[in-house]
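A.B. asks: quick one: sequence and predicted model below, then my questions.
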Amino acid sequence: MAAVAAARAVSLGPGLRGLPRSLPLVVILGATGTGKSTLALQLGQRLGGEIVSADSMQVYEGLDIITNKVSSQEQRLCQHHMISFVDPLVTNYTVVDFRNKATALIEDIFARDKIPIVVGGTNYYIESLLWKVLISTKPQEMDTKKVIDRKVELEKEDGHALYKRLSQVDPEMAAKLHPHDKRKVARSLQVFEETGISHSEFLYRQRAEEGGGPLGGPLRFPNSCILWLHADQTGPGPSVPPVYGLEVSDVSKWEESVLEPALEIVQSFVQGHKPAAVPVRVPHNDTENKRSYHMCDLCDRIIIGDREWAAHIKSKSHLHQLKKRRRLDSDAVTTIESQSTSPDRDKELEEMGPPGEELRPSV
């Protein structure tokens, strides 16, 4: 309801009618509770845009409260897409499915001379829209016209055998994956089986394309405008489109600190001008190893890259596992100490005699 009230408080104005058009893909990023949905709603109303959710859980029907979906009332204020259209019993909905549907929607929004506003929730969903980072493989068709997904078939096989096969056909990709991550191992094998080219070679080719970089192939939508709602000073990674930070620590200054700067930035993109706002920049370390190999025993995960490892050891999931391990270690020490001071243990020590008794020679 707060988003509704905030959106209504904004005067709609004439939007961008009459301006020379070079419509951008607007992406709004930020942690939970920073106001991403509110800003998207306000921009959508002001600029005549449509909102595309990029949340891996909001695609499912139901689960409205725990996934923090926008209300039906908020959705009536501005057209929303990619929300509540997958049966929650479906277990094989993937980022490729999301990418295919969402990119088609974005192209349709552009074709209708409107601005698509992607609201982030799941990073790899957003990455699949921004960069050409995924490899499309076609499902096989049997004589009975039954379509099968090779990846699903592979996942039914023994995980150890799958990993061994991947190590033989694509050792580089195998070295980056955990042997127990059957889903990713099966995906890499699927790529090789259906294309004849290793998954790692595909990724090299994507990055080598004009406009490609460490994060993948070229930008899918070159005129991308990223708005990042933040309350700290952690910066984005390298090789990304310009990211404009919007400070949300003081919600009482929402319009002057968030909404008005966001409108100015997007309008500059539309008009083909460079925004007055300065993109967020982070120091780049030339010695940083993007392919370093790290094994986290606590989380049972393999992490590739120094930056990714530094982020992982500060992540909530890793810190949770660390806390859990320390608690278990503490419980184990307590158990040992309690056993050493139990009545049975005292009796046992008494029967053994004083220290060194067993070393005395018999007379």
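C.D. replies: Okay, I see it. Everything numeric in this text was worked out from a predicted model, so none of it was measured. Numbering: from 1, shown residues only.
A.B. asks: since we're on Gln79, how many residues are nearby?
C.D. replies: When neighbours are counted by other CB atoms under 10 Å, Gln79 registers 14. The way it works is simple: take the backbone N, C-alpha and C, and place the C-beta from them, glycine included.
A.B. asks: which strands and helices sit next to the host helix or strand of Gln206?
C.D. replies: Per DSSP states H and E, Gln206 falls inside helix 199-208. For helix 199-208, the packing partners by 3 or more CB pairs under 8 Å, 6 or more residues apart in numbering; DSSP states H and E come out as helix 171-176, helix 182-195.
A.B. asks: how does this structure divide into domains?
C.D. replies: Using automatic domain parsing, the domain parsing of the chain gives 2-132+212-271, 140-207, 295-340.
A.B. asks: columns mean pLDDT on top of those, output as CSV?
C.D. replies: As requested, those are exported to CSV (pLDDT from 0 to 100):
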stretch, mean pLDDT
domain 2-132+212-271, 80
domain 140-207, 79
domain 295-340, 76
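A.B. asks: which stretch among those comes nearest Arg281?
C.D. replies: domain 2-132+212-271 (7.1 Å; CB to CB).
A.B. asks: quick one: the strands in the stretch 51-200 of the chain?
C.D. replies: For the stretch 51-200 of the chain, applying DSSP state E, counting those that start in this stretch gives strands covering 80-81, 116-120, 140-141, 147-148.
A.B. asks: extract the CA atoms of the second one and return them as CSV.
C.D. replies: Pointing back at strand 116-120 there. Extracted C-alpha coordinates of strand 116-120, given in CSV (Å, rounded to 0.1, in the frame of the first residue of the first chain):
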residue,chain,number,x,y,z
PRO,A,116,10.5,-1.7,-20.3
ILE,A,117,11.4,-1.4,-16.7
VAL,A,118,13.0,-4.6,-15.3
VAL,A,119,12.8,-4.9,-11.5
GLY,A,120,15.5,-7.1,-10.1
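A.B. asks: mind listing residues that contact that strand?
C.D. replies: 25-30, 36-37, 40, 43-44, 49-55, 102, 105-106, 109-110, 126, 129 (CB atoms under 8 Å, 6 or more residues apart in numbering).
A.B. asks: what does stretch 241-257 give?
C.D. replies: So stretch 241-257 is in contact with 6, 10, 29-30, 34-35, 38-39, 130, 219, 224-231, 236, 258, 261-262, 265, 275, 277, 279-280, going by CB under 8 Å, 6+ apart.
A.B. asks: chain center to that stretch, what's the gap?
C.D. replies: 22 Å (CA atoms, centre = their mean, to the nearest Å).
A.B. asks: over to stretch 24-34?
C.D. replies: On CA atoms, centre = their mean, the centre of stretch 24-34 falls 13 Å from that of its chain.
A.B. asks: could you find the closest non-adjacent residue to Pro279?
C.D. replies: If the residues on either side of it in the chain are set aside, Pro279 comes closest to Pro242, at 4.0 Å by CB to CB, 6 or more residues apart in numbering.
A.B. asks: that neighbour: how many residues sit nearby?
C.D. replies: The number of residues near Pro242, taken as other CB under 10 Å, comes to 17.
A.B. asks: also the one 3 residues further on?
C.D. replies: Other residues within reach of Gly245 by the criterion other CB under 10 Å amount to 21.
A.B. asks: distance check, it against Met295.
C.D. replies: From Gly245 across to Met295, the span is 34 Å (CB to CB, to the nearest Å).
A.B. asks: same thing with Asp181?
C.D. replies: On the measure of CB to CB, Asp181 and Met295 end up 13 Å apart.
A.B. asks: next, show the common contact partners of those two.
C.D. replies: Counting by CB under 8 Å, 6+ apart, nothing touches both Asp181 and Met295.
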